[in-house]
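**Student:** Could you look at this predicted model? Sequence included:
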Amino acid sequence: MTDLDLAQLTAAALEVAREAGQLVLQGWRSRPSYERKASYADLVTEFDLASERLIRSRLAERTPSIAIVGEEQGGERSEAPTWYVDPIDGTVNFAHGHPCFAVSIGLLVAGQPLAGVVVAPALATEWHGFVGGGAFRNGKACRVSETTELSDALLATGFSPVMRRHGSPEDNVDAFCRVMPQVRDLRRCGSAAHDLCLVADGTYDAYWERKLATWDIAAGTALVLAAGGRLTNLQGAPADLTNGYILASNHHLHDALLPLL
Ligand code: IPD
Ligand code: CA
Ligand code: CA
């Protein structure tokens, strides 16, 4: 795929995500009803479903040769160029009226994140970019931070609903407790897509999480790479976006964080 292809695909996805963001915003703080999916912590509202329907139909019109996998309707995973769509990332926040949620559309080719758009309508903030073409926050070029010391760093993490059984060695609580005393502060805002964008624009110096889904991180990881960041799994090997154990950082803090995770 050429840079021109990626620029055009990114521009198309951004328009689609903005439209979906406006749709979703209509339901924000309306106390939308929800259903539980796999657990009490994994929700779906009518706005998740409507957002994905809209995104699928717009992407099918504008980029008909690109396959689509979405959180609510699924799709065929393959090595071919594929949009990974999270119609609302941060549905628990959305359902409770918290502003931290986003529409996220990322492009994977052979499993690698190449382009991404994330629109957070209640925060009036959007990010777009592609690997090799830079990352942008509200249209302005952005980059990962230059922080070199953990004691100067602001980090983020999250707790996947499938990992929340207390006492599971993988529930991320142990890692949280190891990292917390080492850093200036550590946030947990509830949208992986948004967390990754805040690494891409230099707000956070690093972010990690366990057991994310591909649609949670396709766009955000592309943006971190586009913004000059580093992305690995929690052992420092190349990240596998199908199992979702990731550390995304500004490079400088990466090696210091890996043993803590
Ligand atoms: C969730 C968010 C959250 C993360 C969870 C995801 P959803 O996505 O990204 O930050 O901790 O693991 O499932 O369910 O709101 O689309
Ligand atoms: Ca998600
Ligand atoms: Ca979602």
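**Tutor:** Perfect, I can see it now. Ligands and ions are numbered 1, 2, ... in the order given.
**Student:** now the helices for the stretch 101-250 of the chain?
**Tutor:** 173-179, 192-200, 214-226 (DSSP state H, counting those that start in this stretch).
**Student:** and the stretch 51-200 of the chain, which residues reach ligand 1?
**Tutor:** Neighbours of ligand 1 within the stretch 51-200 of the chain, by C-beta under 6 Å from any ligand atom: 71, 86, 89-92, 158-161, 190-192. For the C-beta atoms, the positions are set from N, CA and C on the backbone; glycine is no exception.
**Student:** Next step: those residues restricted to strands.
**Tutor:** 86, 89 (DSSP state E).
**Student:** Format the residues of the stretch 51-200 of the chain next to ligand 1 as JSON lines; extra columns: neighbour count and pLDDT.
**Tutor:** Putting those into JSON lines (neighbours: other C-beta atoms under 10 Å; pLDDT from 0 to 100) gives the following:
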{"residue": "Glu71", "neighbour count": "23", "pLDDT": "96"}
{"residue": "Asp86", "neighbour count": "32", "pLDDT": "98"}
{"residue": "Asp89", "neighbour count": "31", "pLDDT": "98"}
{"residue": "Gly90", "neighbour count": "27", "pLDDT": "97"}
{"residue": "Thr91", "neighbour count": "24", "pLDDT": "97"}
{"residue": "Val92", "neighbour count": "18", "pLDDT": "95"}
{"residue": "Gly158", "neighbour count": "23", "pLDDT": "96"}
{"residue": "Phe159", "neighbour count": "17", "pLDDT": "92"}
{"residue": "Ser160", "neighbour count": "19", "pLDDT": "86"}
{"residue": "Pro161", "neighbour count": "16", "pLDDT": "81"}
{"residue": "Gly190", "neighbour count": "19", "pLDDT": "97"}
{"residue": "Ser191", "neighbour count": "29", "pLDDT": "98"}
{"residue": "Ala192", "neighbour count": "30", "pLDDT": "98"}
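**Student:** out of the residues of the stretch 51-200 of the chain next to ligand 1, which touch ligand 3?
**Tutor:** Filtering these for proximity to ligand 3 by C-beta under 5 Å from the ion leaves 71, 86, 91.
**Student:** where does the residue in the stretch 151-261 of the chain that ligand 2 sits nearest to sit relative to Pro87, distance-wise?
**Tutor:** Per C-beta to the ion, the residue of the stretch 151-261 of the chain with the smallest distance to ligand 2 is Asp216, at 3.9 Å. Separation of Asp216 from Pro87 (C-beta to C-beta, to the nearest Å): 12 Å.
**Student:** for Gly116, same thing?
**Tutor:** 15 Å.
**Student:** Tell me which of the two has more neighbours.
**Tutor:** Using other C-beta atoms under 10 Å as the criterion, Gly116 and Pro87 rank with Gly116 on top: 35 against 29.
**Student:** wait, doesn't the more buried one sit right on Leu223?
**Tutor:** Yes: applying C-beta atoms under 8 Å as the test, Gly116 and Leu223 come out as touching, 4.7 Å apart.
**Student:** re earlier: dump the residue contacts of the closest residue in space to the residue of the stretch 151-261 of the chain closest to ligand 2 that isn't next to it in sequence.
**Tutor:** Spatial nearest neighbour of Asp216, excluding adjacent residues (C-beta to C-beta, 6 or more residues apart in numbering): Ala192 at 4.2 Å. For Ala192, the residues meeting the contact criterion (C-beta atoms under 8 Å, 6 or more residues apart in numbering) are 89, 158, 209, 212, 216-217, 220.
**Student:** so which of those is the most crowded?
**Tutor:** Gly220 (33 neighbours).
**Student:** and the gap between that residue and Ala193?
**Tutor:** Distance from Gly220 to Ala193, by C-beta to C-beta: 5 Å.
**Student:** Give the intersection of the neighbour lists for those two.
**Tutor:** Applying C-beta under 8 Å, 6+ apart, one finds that Gly220 and Ala193 are jointly contacted by 104, 118.
**Student:** how much space between Leu6 and Phe101?
**Tutor:** 26 Å.
**Student:** any idea which of the helices of the stretch 101-250 of the chain scores lowest on pLDDT?
**Tutor:** Note on the helices of the stretch 101-250 of the chain: lowest mean pLDDT is at helix 173-179, with a mean of 94.
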